[in-house]
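Visitor: Sequence first, predicted model second:
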Amino acid sequence: MSFVTPGEPLAVEEEAIPASGVYISRDGYLRSMIVGKATLDRYKKILHVKPVVRRDLTIRQGVIVEGLVINTSEDVAFVKIYSAENNKVNAIGLLHVSQVSSDYIRDINEYIRIGDIVKAKVINTNTPYLLTVKEPSTGVILAQCSNCGSILYLHSAGYLVCKNCGKQEKRKVAAGYLYSLR
């Protein structure tokens with residue numbers, strides 16, 4: 001048969017038996033439940049609608065993603081990825097401490113913390129996605145004060161400062177950090 005949309009009549013009840021993706025409406029028509037391709041087994045008189053596979057943006061190696069740090073340990077930060085190349089996605093990324101800086105870092109929490117919004121580069125093609133923030137354009141783009149929860153502002157000296165309580169914090173800040181002191 002052909003490409004169909006939900007609710008589209010495909011046959012009458014007497015012509016075929018509904019299978020996956022098909023339902024019988026009150027008026028006796030077999031209708032599509034989904035967007036897909038309708039196929040009729042002419043011998044068995046069974047009508048199927050196979051869904052059109054909609055592939056979400058596949059996160060590829062080298063793609064820049066944005067995400068929220070949802071958990072950390074000494075050596076790994078877990079990032080809920082919500083954007084890849086300005087397209088909405090839903091994935092999990094892992095940022096290992098070795099991918100934060102070329103210098104030795106003992107604890108990832110010195111540079112990345114829970115609640116930070118990060119911009120990172122994907123370094124593999126399968127899930128969970130491995131991330132790196134070694135490039136100057138990648139890193140934390142928005143952070144909150146660990147003391148009072150207010151937004152941290154980027155100081156010209158490179159550290160983050162809270163306008164509310166005055167606390168200074170260190171992060172691996174991206175070149176495009178969203179708020180700066182003026």
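Guide: Cool, the structure landed. Numbers count the residues shown, from 1 in each chain.
Visitor: Just the pLDDT at the closest residue to residue 96 other than its chain neighbours, thanks.
Guide: Using Cβ to Cβ, 6 or more residues apart in numbering and skipping residues adjacent in sequence, the residue nearest residue 96 is residue 76, 5.6 Å away. In short, each C-beta sits where N, CA and C put it, glycine included. pLDDT for residue 76: 93.
Visitor: repeat for residue 59
Guide: At residue 59, the model reports a pLDDT of 86.
Visitor: swap in residue 7?
Guide: 83.
Visitor: That one reaches residue 31, doesn't it?
Guide: Yes: A contact is recorded between residue 7 and residue 31 when judged using Cβ atoms under 8 Å, the distance being 5.5 Å.
Visitor: Looking at those two, which is more packed in?
Guide: More neighbours surround residue 31 than the other of residue 7 and residue 31, with 20 against 11 (other Cβ atoms under 10 Å).
Visitor: which residues make contact with the helix or strand encompassing that one from outside it?
Guide: Here residue 31 sits within strand 29-32, counting by DSSP states H and E. Counting by Cβ atoms under 8 Å, 6 or more residues apart in numbering, strand 29-32 makes contact with 4-13, 15-16, 18, 21-25, 38, 47, 49, all of which sit outside it.
Visitor: Just the ones in strands from the residues you listed, please.
Guide: Secondary structure of those is defined by DSSP state E; positions in strands are 4, 9-12, 18, 22-24, 38, 47, 49.
Visitor: Top of those by number of neighbours, please.
Guide: Going through the ones in strands among the contacts of strand 29-32 with other Cβ under 10 Å as the criterion, the one with the most neighbours is residue 49, at 28 neighbours.
Visitor: Just give the nearest non-adjacent residue to that one, would you?
Guide: The shortest distance from residue 49 to any residue other than its chain neighbours is 3.1 Å, reached at residue 21 (Cβ to Cβ, 6+ apart).
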